[in-house]
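Undergrad: got a predicted structure here, sequence first:
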Amino acid sequence: MDRKTLSRRSFLAKSALFAPLTIVPRHVLGGVGHTPPSEKLNIAGVGIGGQGASDLRALASQNIVALCDVDWGKAKRTFEAYPQASRYRDYRVMLDKQKDIEAVVVATPDHTHAMISMEAIRHGKHVYTEKPLTHTVHEAQTLAAAARKAGVATQMGNQGQAGNGPRRLREAIWAGAIGPVREVHVWTDRPNRGLVDVYWPQGVGRPKERPAVPSDLDWDLFLGPAPKRPYHRAYHPFKWRGWWDFGTGALGDIGCHSLDPVFRALKLGYPTSVQAVSTLVNKETYPSGSVITYKFPARQDMPELTLTWYDGGLKPPRPDELDDGLRLGAGGTLFVGDKGKILNSRILSASRRKEFETPDPHIEASPGHHVEWINAAKGGTPAGSNFDWAGALTEVILMGNVALRLELREKLDRHALQWDAKARRFSNLPEANEFLHVPYREGWTL
């Protein structure tokens with residue numbers, strides 16, 4: 001896997017030790033805003049009512065030539081922002097009909113990421129796909145292989161990977177800031193928004209009401225490859241994240257942001273095992289809280305590692321070295337090394353922080369997450385979260401969701417799932433491999 005960079009948007013942002021230091025190569029000083037019109041990419045957006053609108057704004061220096069969304073009511077503002085762009089509901093019609101499209105941004109719900117991205121690749125388009133790259137482990141494997149074979153420029157939407165903070169983190173860990181790292185703990189409060197509010201529901205059953213489908217929404221196209229079910233606002237907009245059929249839960253939502261810096265700093269590949277515990281889980285939604293533990297083998301000059309993920313407001317024990325009055329926070333990362341710890345960006349203990357000499361920055365700065373993709377599409381180096389990197393990262397993250405499956409709960413109470421990196425399957429529980437992918441509704445294929 002390509003080992004460039006990545007992170008949550010705010011990861012390490014406030015650190016004095018890892019404060020942003022910009023080292024911009026001369027060839028990118030002009031920025032994308034100075035690209036001659038003749039060299040602008042013709043970009044289409046699919047799923048433009050939410051995060052897709054933000055991605056298009058970041059790419060506005062290029063030509064936005066086509067817009068596609070199953071919900072024209074939610075997409076209205078984006079349509080109005082690009083009045084010259086053609087409008088579609090079905091991405092397949094768009095790709096077949098509009099021949100001037102060179103690149104596609106995919107920002108739909110998770111369950112359609114792979115299908116739309118694959119169709120764009122078949123049409124020879126460069127692809128930017130929001131995180132998580134796919135809905136299943138199998139899709140991540142297949143999509144990365146297809147992009148590699150087609151030779152198109154790709155990028156996953158974990159924007160923080162382009163920041164300087166994660167680069168400073170890697171430099172410090174590689175310089176021995178806390179010695180060999182043997183444990184990492186990563187946590188988020190998602191799906192919670194606070195003590196009494198949530199971003200989206202998890203740990204719940206299907207709603208029983210059957211309201212009318214909004215006139216601007218094509219519900220069948222929203223469902224895509226997912227099993228047919230009646231429309232309800234419990235699914236769309238945005239709340240689809242917590243449902244097995246549509247989303248990847250808190251782990252899929254935040255993991256591609258917060259686990260990526262860990263993978264790059266500690267040179268991680270595939271784990272040897274994964275296991276999970278959680279609150280009550282059902283066949284409809286992810287649990288309201290879970291703890292997922294990955295074991296990684298020794299690699300290069302680094303020892304075996306235990307990586308533990310917490311969501312739903314669950315957290316690791318407070319480190320002894322943390323000063324009284326300081327909080328772990330709603331989300332964060334704790335590296336545990338032989339000589340000390342790093343909580344988010346802060347070296348613990350104080351004595352270790354004082355004695356460590358911060359290395360001079362040496363990892364080249366990014367021109368910007370979206371700019372990386374534009375440059376790659378114009379013949380430059382691969383983007384930092386290209387599908388070779390993002391595909392493997394997504395595979396590992398989504399293995400954790402397999403370990404949460406209700407159908408496997410009884411057996412996983414007695415076994416940790418063992419991963420065969422060569423075969424890219426679980427080796428000790430064949431039943432678990434059935435959840436590396438999901439069946440598609442008739443008429444839909446990858």
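TA: That came in fine, so what should we check first?

Undergrad: just confirm residue 418 is within a strand.
TA: Yes - counting by DSSP: H, G, I helix; E, B strand; the rest coil, residue 418 is part of a strand.

Undergrad: surely it is in contact with residue 426?
TA: Yes - judged on Cβ atoms under 8 Å, residue 418 makes contact with residue 426 at a distance of 6.3 Å. For every residue, glycine as well, the C-beta is placed using N, CA and C.

Undergrad: who's more crowded, these two?
TA: residue 426 (24 against 17; other Cβ atoms under 10 Å).

Undergrad: who does the more buried one bridge with?
TA: residue 419 (DSSP bridges).

Undergrad: OK, contacts around residue 201?
TA: Going by Cβ atoms under 8 Å, 6 or more residues apart in numbering, residue 201 touches 191, 234, 239, 242, 285.

Undergrad: how about CSV for the residues you listed, with secondary structure and distance to residue 357 added?
TA: Formatted as CSV, the contacts of residue 201 follow (DSSP: H, G, I helix; E, B strand; the rest coil; distance: Cβ to Cβ, whole Å):
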residue, secondary structure, distance to residue 357
191, coil, 41
234, coil, 54
239, helix, 48
242, helix, 45
285, strand, 48
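
Undergrad: what packs against the top helix by length along the chain?
TA: Longest helix in the chain by number of residues, with DSSP state H as the criterion: helix 387-402. Where contact means 3 or more Cβ pairs under 8 Å, 6 or more residues apart in numbering; DSSP states H and E, helix 387-402 is packed against helix 137-150, strand 154-157, helix 249-258, helix 260-265, strand 273-278, strand 290-296, strand 417-420.

Undergrad: might you calculate how far it sits from the centre of the chain?
TA: Its chain's average C-alpha position is 9 Å from that of helix 387-402, according to Cα atoms, centre = their mean, to the nearest Å.

Undergrad: and what of stretch 253-262?
TA: Worked out by Cα atoms, centre = their mean, stretch 253-262 lies 6 Å from the chain centre.

Undergrad: contacts for that stretch, please.
TA: 5-9, 11-12, 131-133, 156, 158, 160-161, 166, 169-170, 184, 186, 188, 190, 241, 247, 268, 307, 309, 311, 331, 333, 335, 385, 390, 393-394, 396-397, 400.

Undergrad: could you list which of these belong to helices?
TA: Using DSSP H, the contacts of stretch 253-262 in helices are 166, 169-170, 390, 393-394, 396-397, 400.

Undergrad: hmm, which two among those are most spread apart?
TA: Maximum pairwise distance in these, criterion Cβ to Cβ, is 23.2 Å, between 170 and 400.

Undergrad: where does the nearest residue to residue 338 once chain neighbours are set aside sit: helix, strand or coil?
TA: Distance criterion Cβ to Cβ, 6 or more residues apart in numbering; nearest residue to residue 338, sequence neighbours excluded, is residue 179 at 3.7 Å. Using three-state DSSP, the structure places residue 179 in coil.

Undergrad: for residue 179, give me its contacts.
TA: 337-340.

Undergrad: out of those residues, which are buried?
TA: 337, 340 (16 or more other Cβ atoms under 10 Å).

Undergrad: looking at the contacts of residue 179, which is nearest residue 147?
TA: Taking those together and measuring to residue 147 by Cβ to Cβ, the closest member is residue 337, at 35.5 Å.
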